[in-house]
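Q: Provided below are the primary sequence and the corresponding predicted coordinates.
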Amino acid sequence: MSSFPNTDCRLLVHPPSDGAWNMAVDEYLLGWTVRSGCCCWRFYQWSEPTLSLGYFQEYSDREAHAPSRDCRVVRRASGGGAILHDRELTYSFTVPATHPLARRRLWLYGAVHQVLIGLLAARGVTARPFGEVKPGGRAPFLCFNRRSAGDLLVGEAKIIGSAQRRLAGAVLQHGSVLVARSPAAPELPGLEEVTQRAWPVQELIDTWQQCLAEGLGLRWRNEPLSGEERIEVARITAEKYASPQWTWGKKRRGGKTSQDR
């Protein structure tokens, strides 16, 4: 039984898509939530191995990670470390700023991650939140080599990383679940490596959707992007996330971001 009020929530499930388009959809949905006052949950994947840089990261830092040098690059509007998107399931959740889930930054991280803890426990896998972070030292380039309070670990492997962007009227939280190791980030094991079992993505989507409804009180409303919405997403893609100026970090502004968890 959810401790949160029952909330109608738009649900989108997208097939593997280009990185710039994926980031543009998340930005569009953040604005849509500001305008509509409604929540939206989105599951998505990536059409090719793609490195997403955190908002504040230097583009040149990617050269230090040799396995991903040939991958496409996109810059997120959220903070945190770089993520190599390949054999994973990505989510985004946009919530009005007045909703109980969004009132405090850590609540939203904790609520979403707690749902995943329950999902994994039902399949005999123990996940635990990372404890207190010791300050000091330069943060690793990749998000999944970092540890923040609330990160979910299976054994010693981080299996989910999330980040936020906040506007005056809404919050976007998006994150990735590492399903399996990518050749472009071979140092990072996924669920399949740490549990020694297969994790079909569609099965994970179906189960996670059910657990979210129970754990967060979400009532799903399937509402694909309309033709007009796709035109707006295409505009955001072309003007921002596919733009070298944005990706290289020379034209960034607007919105509050917070680090990956």
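A: Received, thanks. Numbers count the residues shown, from 1 in each chain.

Q: any low-confidence regions in the stretch 51-200 of the chain?
A: Where the stretch 51-200 of the chain drops to pLDDT under 70, the residues are 132-137.

Q: how near is residue 23 to residue 46?
A: To residue 46, residue 23 is 11 Å away according to C-beta to C-beta, to the nearest Å. The C-beta positions use only the backbone N, C-alpha and C, and glycine is treated the same way.

Q: repeat for residue 197
A: 23 Å.

Q: the more surrounded of these two?
A: A side-by-side neighbour count of residue 197 and residue 46, using other C-beta atoms under 10 Å, places residue 46 first with 23 against 11.

Q: so residue 9 belongs to a helix, correct?
A: No - counting by DSSP: H, G, I helix; E, B strand; the rest coil, residue 9 is not part of a helix but strand.

Q: that one and residue 220 touch, don't they?
A: Yes - counting by C-beta atoms under 8 Å, residue 9 touches residue 220, with 6.1 Å between them.

Q: if you count what's nearby, which of the two comes out ahead?
A: residue 9 (21 against 14).

Q: residue contacts, the more buried one?
A: 38, 39, 40, 41, 218, 219, 220, 221 (C-beta atoms under 8 Å, 6 or more residues apart in numbering).

Q: same question, residue 50
A: By C-beta under 8 Å, 6+ apart, the neighbours of residue 50 are 19, 71, 72, 73, 74, 84, 85, 86.

Q: residue boundaries of the strands in the stretch 151-261 of the chain?
A: Taking DSSP state E, counting those that start in this stretch to define them, one finds strands in the stretch 151-261 of the chain at 152-154, 157-166, 170-178, 218-222, 256-258.

Q: what packs against the first one?
A: Spelled out, it's strand 152-154. helix 105-121, strand 128-129, strand 157-166, helix 191-195 (3 or more C-beta pairs under 8 Å, 6 or more residues apart in numbering; DSSP states H and E).
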